[in-house]
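Enquirer: give me the fold of what follows.
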Amino acid sequence: MGSDKQSAGLLPTLRMERVRTILTHTYPYPHEHSRHAIIAVAVGCLFFISSDNMLTLIEKLDKNIKWWSMYACLLGFFYFFSSPFIGKTIKPSYSNFSRWYIAWILVAALYHLPSFQSMGVDLRMNLSLFLSIYISSILFLIVFHIIFIGLWYLGLVSRVAGRRPAILTILQNCAVISIACCVFYSHCGNRAMLRARPFERKSSNWFSFWKKEERNTWLAKFVRMNELKNQVCSSWFAPVGSASDYPLLSKWVIYGELACNGSCPGSSDEISPIFSLWATFIGLYMAHFVVERSTGWALTHPLSVEEYENRKKNQMKPDFLDMVPWYAGTSADLFKTAFDLLVSVTLFVGRFDMRMMQAAMSRVHEGAQQDDLLYDHLSEKEDIWFDFMADTGDGGNSSYTVARLLAQPSLRITREDSVDTLPRGDLLLIGGDLAYPNPSGFTYEKRLFSPFEYALQPPAWYKNEHIAVNKPELPEGVSELKEYDGPQCFLIPGNHDWFDGLNTFMRYICHKSWLGGWFMPQKKSYFALQLPKRWWVFGLDLSLHNDIDVYQFKFFSELVKNKIGENDSVIVMTHEPQWLLDWYWNDISGQNVSHLICDYLKGRCKLRIAGDMHHYMRHSCVPSEGQVHVQHLLVNGCGGAFLHPTHVFSNFNKFYGKTYECKAAYPSFHDSSRIALGNILKFRKKNWQFDFIGGVIYFILVFSMFPQCKLDHILQGDSFSGHLGSFFGTVWNDFVYVLEHSFVSLTGVVLLLIMAIAFVPSKLSRKRRAIIGIVHVSAHLAAALILMLLMELGLETCIRHKLLATSGYHSLYQWYRSVESEHFPDPSGLRARMEQWTFGLYPACIKYLMSAFDVPEVMAVTRSTICKNGIQSLSRGGAIIYYASVFLYFWVFSTPVVSLVFGSYLYICINWFHLHFDEAFSSLRIANYKSFTRFHINGDGDLEVFTLAVDKVPREWKLDAGWDGELKQPQQLSHTRKYPSKWSAAAGQQDPVNTVRIVDQFVIRPNEKPDFVSSNGSVSR
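Expert: Numbering: from 1, shown residues only. Alright, predicted model coming up:
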């Protein structure tokens, strides 16, 4: 019995009762060993290259400034091109493309420069070997995967093996294997190089360095890294044996001895490390793949169930979308947004208006109209808390941050002298722009509903696909709307919601009952709410022409006449802050809204709230004689979208003939101006998808200037100032040539000038717009010409020093064939038979692959032909090849520069001229500085206003321990829980619940109560 007890407790003690394997991460690499192999190869490359060439680099440093300046330019441009992708994977397709694209054209350029050869590194040998092994590896692994899938189809391996490998994974692994073989072979196994630079191979024990008496030897050899490298080569990468040690099949695979019917004369019996090394890497790949796909187990340490569950919780993250890339040159969403806007403006506005249909549907009888648009179920409460936010539905992190704060049962705000506890609002008002960039089922579900459902879950019985036909669809046990005590939500549409004619808004807002855990009784796109203590909220739908229609005006004007008393107070909610935008654009909009406020409400409008501008600003009326139509103007569009500046609107002070002063701004004017500097430093990092458009535009601007054949006057100058003067003189001559003689480039300049002038805000006069547009285009043209001339100077220098254009398009292949027998001897004649068996396809593939890889050689040879015989000497295909090869490099050089020039333009405009407030901050895609406003109508009828903000939005989230541990009943509504939100910040001190603060607070008195502080009806604290 005792033994049974021990055996029963043995497995739990050893944690072996159930074992669960963590499968490898699928992003960005489908196999874990690929990532490990890349790390190992990178470390090996650095070790071998540094050990062999550190001393040589110091001793034989090429002091010619032109070569090192060329290196600096190349590496600098390539670094700035790849800088947005360093340290993170943005998108698998583009990041993988940029990674291999940069590696290709950078290596193709560097191996022609002389300084690597002066250090004893001949990249031509490594490149030719890499391409040969790369093709062989691809063919071998493709055949392997086809056979493996065939075995799965026959049922000889498990079902897990049926998952097909991604072709990019095969190509990537082949590249890693080829690079590893090249590096290790060139530094350890190349017999041709070892004969020229012999070293003594010693049979030594690697671990002898750790003996106490030989520590000094270890340190000495560590300093002399080349000797340490020799020890590694002799111990780890020495030849593995001779051909006689292996059976007949292996001898044929390695040396092809069957082709010679025995030993071939002059052949070496020692097996070259390159074959064994390649076979080892291929074997490791195949073994790992077979084990993983056949058993479903990764070659990692297995974890117990408890450890697996803990790691699973730590790895769980919400599936939030990133901020919308407004400058994505290839984004289909943005093109769809522009198309929807064009269709909406030309078709819906003024011709087919959804608000007219809503009015027609509500005119069955007067009672139905009141039920659809007027809600008075909250008017009998003693007091009420309610929230306002706007412009959510952009980045998931920022939208969820605000939604998490709105969902908390209460927020405790600690200040220097007090602690404020603000309960959750019974009512949530959202001021439009619910999803960016355009309204669709996907954007509403992922950018609006998903963050709110994570913050406060809908009822368990609610189905997302449900359509609410007869609203309000109250929960079970609630007979009428006034009995429901949970949070409710009312929304108005913004301009982005109108891009599809309000179709998505009607489907997801007016015909659904739940936004997360907030109940939505709303039936139309505009409404009126009667709140306690004679407070009212008018939710207006301004559509795309920034005004209410006549049917909407009729409803609210009749409501003012019949329902609203003389001492009642009204809050008017619109999407756009017309007071700021009209001042900025020097325009007058919303005449129906103004007529309603000035001629009907007559001073009863205490507060106007709006979104659209993604910042917080409050202006209060300065006490003066005469009637004040609106006492406070409040903008808070910090619900989740990118940040807008505040300093651009710092001079606003007039509205409805009264003077207003700014009481609060978030972020502050100083911070707003400072943030704009990011356009210079971060534009490309934030808008890397702008690459395609920017590179193509610059290439078109200088298309007619390729090639530059007469550059002697620049290269033959005596002094640096002379070189510089000749250089910029050539830039000016090219500028004149573009305007006087070119066709393609001049067409590009004219089109760009038209777009640049149209891009300047219309608030300026035509003359100023033309001046700004000309200066902007001139900066881009000058930058493009400078880049073009630098690129041409680099080519000309390499051609003059016989580094390019020496032996035609196939120079790399010709060199490879000339040294092939020395570096990679083939005494058996296997290569000749492979050429015969493939009918010449194998050498042809190698030849043309090397030519396609060697883009600088193709560009230089064609350039020399054009300079000698003229562009007419090229065929159409030759011209296409030349300009394509030029574009491959010019695109890399131009993309960082076009982003720098355009970002500098936006910075100058926003901070010096207060132009492009939308364009200059949408480019930064700032998720921080989020806020919402919480209101409280207390028992005395005062409206207390608190604006709460979070300076920094968390980017990493984890499962909230309180939410996960709280007991959940099936029929329990989420607003009754203590921990309603699913995710909390990964770093507890950065959680918005802990970092939220009050940035503005004031009180608005009702009409019948005198204000002893000011005559505008408000008290600021």
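
Enquirer: where along the stretch 351-500 of the chain do the strands fall?
Expert: With strands called from DSSP state E, counting those that start in this stretch, the stretch 351-500 of the chain shows them at 374-375, 384-389, 410-414, 419-423, 427-430, 488-491.

Enquirer: between the ones you listed, which one is nearest to residue 105?
Expert: Nearest to residue 105 among those is strand 384-389 (47.6 Å), distances taken as C-beta to C-beta. Where C-beta positions appear, they are placed from N, C-alpha and C, glycine not excepted.

Enquirer: in the closest one, what counts as buried?
Expert: Judged by neighbour count using 16 or more other C-beta atoms under 10 Å, the buried positions of strand 384-389 are 384-389.

Enquirer: what's it packed up against?
Expert: Here strand 384-389 touches helix 396-407, strand 427-430, strand 930-937, going by 3 or more C-beta pairs under 8 Å, 6 or more residues apart in numbering; DSSP states H and E.

Enquirer: please work out which of the strands of the stretch 351-500 of the chain is packed deepest.
Expert: Mean neighbour counts were taken over those using mean count of other C-beta atoms under 10 Å, and the top value, a mean of 26, falls to strand 427-430.

Enquirer: name the residues that touch it?
Expert: Strand 427-430 has contacts (C-beta atoms under 8 Å, 6 or more residues apart in numbering) with 378, 384-390, 392, 406, 487-492, 518, 529, 537, 539, 573, 609, 639.

Enquirer: could you list everything the spatially closest residue to residue 579 that is not a sequence neighbour pairs with in the sheet?
Expert: Using C-beta to C-beta, 6 or more residues apart in numbering and skipping the chain neighbours, the partner closest in space to residue 579 is residue 655 (4.4 Å). Beta-bridge partners of residue 655, counted by DSSP bridges, are residue 658.

Enquirer: and the pLDDT at residue 655?
Expert: Note on residue 655: pLDDT of 94.

Enquirer: same check, this time on residue 745
Expert: pLDDT, read off for residue 745, is 94.

Enquirer: pretty sure it belongs to a helix, no?
Expert: Yes. Under DSSP: H, G, I helix; E, B strand; the rest coil, residue 745 sits within a helix.

Enquirer: excluding its backbone neighbours, what's nearest it?
Expert: residue 704 is the one closest to residue 745 (C-beta to C-beta, 6+ apart), at 4.1 Å.

Enquirer: what sits against the one you found?
Expert: For residue 704, the contacting residues are 737-738, 741-746, by C-beta under 8 Å, 6+ apart.

Enquirer: distance check, it against residue 784.
Expert: Taking C-beta to C-beta, to the nearest Å as the measure, residue 704 falls 12 Å from residue 784.

Enquirer: same question for residue 857.
Expert: The gap separating residue 857 from residue 784 is 25 Å, by C-beta to C-beta.

Enquirer: the two: which has the busier surroundings?
Expert: Between residue 857 and residue 784, residue 784 has the larger neighbour count (other C-beta atoms under 10 Å), namely 29 against 25.

Enquirer: which SSE is that one in?
Expert: Assigned by DSSP states H and E, residue 784 belongs to helix 766-800.

Enquirer: quick one: neighbours of residue 151, just the number.
Expert: The number of residues packed near residue 151 is 14, by other C-beta under 10 Å.

Enquirer: state the pLDDT value of it.
Expert: So, for residue 151, pLDDT stands at 77.

Enquirer: could you check how far it is from residue 144?
Expert: For residue 151 relative to residue 144 (C-beta to C-beta), the value is 11 Å.
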